[in-house]
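Engineer: Prediction below, plus the sequence it came from.
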Amino acid sequence: MPNKATKQLKDMILTALDNAGGASYLERRANDPRTASAFLALIGKVLPMTVIGDPDNPLQAIVKIERTIVHPKN
């Protein structure tokens, strides 16, 4: 069980997130090129480190990730 200070800090962060707009706020951060990398770093912190697959439906390996930068026409 986390200590009291850790729980208080987590509660404050969640309250601040709710006050900022919750999931909508996070979505805006994910879609903003200036904050997308910070959003992805956050995702890396909260996702579980171990993924357990279903033996009847095994996980597929990621073969390729591609990023395309598109510049809008002026």
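Structural biologist: It's in.

Engineer: Just the helices from this structure, written as ranges.
Structural biologist: With DSSP state H, the ranges of helices along the chain come out as 4-20, 22-31, 36-46.

Engineer: among the ones you listed, which is the most enclosed?
Structural biologist: helix 22-31 (a mean of 12; mean count of other C-beta atoms under 10 Å). Quick note: C-beta positions are derived from backbone N, CA and C, even for glycine.

Engineer: name the helices or strands packed onto that one?
Structural biologist: For helix 22-31, the packing partners by 3 or more C-beta pairs under 8 Å, 6 or more residues apart in numbering; DSSP states H and E come out as helix 36-46.

Engineer: returning to that earlier point: in JSON lines: the helices of the chain, plus mean pLDDT.
Structural biologist: Supplementary listing: these in JSON lines, determined by pLDDT from 0 to 100:
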{"stretch": "helix 4-20", "mean pLDDT": "89"}
{"stretch": "helix 22-31", "mean pLDDT": "92"}
{"stretch": "helix 36-46", "mean pLDDT": "87"}
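
Engineer: how far away is the residue nearest the centre of the chain from Ser37?
Structural biologist: By C-alpha atoms, centre = their mean, the mean C-alpha position of the chain lies nearest to Ile43, the distance being 2.6 Å. Plainly put, Ile43 is 11 Å away from Ser37 if you go by C-beta to C-beta, to the nearest Å.

Engineer: and what of Leu17?
Structural biologist: From Leu17 to Ser37 the distance is 19 Å (C-beta to C-beta).

Engineer: for Asn3, same thing?
Structural biologist: Distance, Asn3 to Ser37, using C-beta to C-beta: 31 Å.

Engineer: same check, this time on Lys45
Structural biologist: In terms of C-beta to C-beta, Lys45 sits 13 Å off from Ser37.

Engineer: One more: Val63?
Structural biologist: Taken as C-beta to C-beta, the span from Val63 to Ser37 is 23 Å.

Engineer: related to what we said a few turns ago, indicate which one of the helices of the chain is closest to Pro72.
Structural biologist: Counting by C-beta to C-beta, Pro72 lies closest to helix 22-31 out of these; the figure is 14.4 Å.

Engineer: Can you give me the neighbour number for Val70?
Structural biologist: A total of 5 residues lie near Val70 under the criterion other C-beta atoms under 10 Å.

Engineer: All set now, cheers.
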